[in-house]
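Visitor: Take this sequence and fold it.
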Amino acid sequence: MQRRTGGPFSRLLASLSPVPADAYRYPTELLHQITMEAVATILFLIVFAAVFTGSIAWGVKEFQSRDAGSGWLLLLWLFGPVTLFAWFAFRPKRLVDRTPDDFSNADDQIAAAARLESLGDLKAAQHLLTNAAARWPEHDTYITNMMNEIDRKLVLQGADPS
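Guide: Residues are numbered from 1 along each chain as shown. Below is the predicted model:
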């Protein structure tokens, strides 16, 4: 006769342990654990993340083109797409849409031209600088240097610098 191994504790564990392949107590497939509520929640989170990320990407580009302050960017990061409703109501003119008469001093007009140049709108920057040179001749040297740089970029792009 063969003797059993293990003492009373191992027999107790064996009597309380479930069968490892018991599908009711331990599902072996992941689909048994996922409910329709979980699927709906995951889809909602994916759509929300896409809308949030897309609105932030669009908002950052829009804020740069209108030379908006960093407060709008902070609101966008905090409140996401909701900020864009306020933006549509209170947004300033785009730099390209501003006329040279909208600028009260040379510093603002030259800064706007530099911003337009950094955004890639070289012709608009050139127009603002030409007007600034006529209105404020004391900044002629700086404006001429900026115009030469813009002309160099236009030549590299294959456009007519004049």
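
Visitor: how is this structure carved up into domains?
Guide: 21-92, 93-162 (automatic domain parsing).

Visitor: So which of these is nearest Gly7?
Guide: domain 21-92 (25.8 Å; C-beta to C-beta). Yep, even glycine has a C-beta here, placed from its N, CA and C like the rest.

Visitor: ok, which stretches of the chain are strands?
Guide: Applying DSSP state E to the chain gives no strands.

Visitor: just to revisit the earlier point, where among the domains of the chain is the average confidence lowest?
Guide: Averaged per stretch, pLDDT over these is lowest on domain 21-92, reaching a mean of 77.

Visitor: Counting neighbours, what do you get for Leu84?
Guide: 19 (other C-beta atoms under 10 Å).

Visitor: That one and Gly54 touch, don't they?
Guide: No: Leu84 is beyond contact range of Gly54, at 10.6 Å (criterion: C-beta atoms under 8 Å).

Visitor: Minimum distance to Pro8: which of the domains of the chain has it?
Guide: domain 21-92 (24.4 Å).

Visitor: how far is the closest one from where the chain is centred?
Guide: On the basis of C-alpha atoms, centre = their mean, to the nearest Å, domain 21-92 sits 12 Å off its chain's mean C-alpha point.

Visitor: Grab the longest helix from this structure for me.
Guide: helix 36-65 (DSSP state H).

Visitor: From Phe63, how far off is the residue nearest to the spatial centre of the chain?
Guide: Centroid-nearest residue in the chain, with C-alpha atoms, centre = their mean: Ala57, separated by 3.0 Å. Distance of Ala57 to Phe63, given as C-beta to C-beta, to the nearest Å: 11 Å.
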